[in-house]
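S.K.: just a sequence and a predicted model for now, questions to come.
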Amino acid sequence: MENRSSGGWKFFALLFGALLAGIAALYVYKQHNPDYDPWEEPWENSSSPINLGLDKEEKEVKDAPAAVEE
């Protein structure tokens with residue numbers, strides 16, 4: 001009889017191991033991507049590694065009125 005019921009602890013051990021692995025993976029993911037929001041617009045994300053050239057456009061807009069006044 002002991003042989004029949006010995007599979008129950010294996011199921012819970014695997015379930016607990018999978019849960020523990022999922023929590024560990026989530027922790028590591030959050031360490032690498034702390035402020036990641038998939039719905040955030042890319043141009044509003046100040047931590048974006050891609051230079052979208054927005055600074056250049058802002059400088060041109062700021063310099064344009066000064067050139068017109070002179």
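M.R.: Ah, there it is.

S.K.: what residue ranges in this protein score low on pLDDT?
M.R.: Along the chain, segments meeting pLDDT under 70 span 1-5, 36-70.

S.K.: so where's the longest helix in it?
M.R.: helix 7-32 (DSSP state H).

S.K.: buried residues in that one?
M.R.: Judged by neighbour count (16 or more other CB atoms under 10 Å), helix 7-32 contains no buried residues. C-beta: built from backbone N, CA, C; applies to glycine.

S.K.: look up how far V28 lies from L14.
M.R.: Separation of L14 from V28 (CB to CB, to the nearest Å) stands at 21 Å.

S.K.: ditto for G17
M.R.: 16 Å.

S.K.: can you check L20 too?
M.R.: 13 Å.

S.K.: and V28, what does it touch?
M.R.: Residues near V28 by CB atoms under 8 Å, 6 or more residues apart in numbering: none.

S.K.: for D35, helix, strand, or coil?
M.R.: Using DSSP: H, G, I helix; E, B strand; the rest coil, the structure places D35 in coil.

S.K.: residues near it, how many?
M.R.: Using other CB atoms under 10 Å, D35 has 9 other residues around it.

S.K.: export stretch 25-37 to PDB, keeping only CA atoms.
M.R.: The C-alpha trace of stretch 25-37 is given here as PDB (Å, rounded to 0.1, in the frame of the first residue of the first chain):
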ATOM      1  CA  ALA A  25      12.900  33.800 -12.300                       C
ATOM      2  CA  LEU A  26      10.500  36.800 -11.600                       C
ATOM      3  CA  TYR A  27      13.000  38.100  -9.100                       C
ATOM      4  CA  VAL A  28      15.900  38.000 -11.600                       C
ATOM      5  CA  TYR A  29      13.700  39.500 -14.300                       C
ATOM      6  CA  LYS A  30      12.800  42.400 -12.000                       C
ATOM      7  CA  GLN A  31      16.400  43.000 -11.200                       C
ATOM      8  CA  HIS A  32      17.300  43.400 -14.900                       C
ATOM      9  CA  ASN A  33      14.100  45.300 -15.800                       C
ATOM     10  CA  PRO A  34      13.100  47.400 -12.800                       C
ATOM     11  CA  ASP A  35      10.800  50.000 -14.500                       C
ATOM     12  CA  TYR A  36       9.700  48.100 -17.600                       C
ATOM     13  CA  ASP A  37       6.200  48.900 -18.600                       C
END
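
S.K.: since that was my last question, I'll sign off now.
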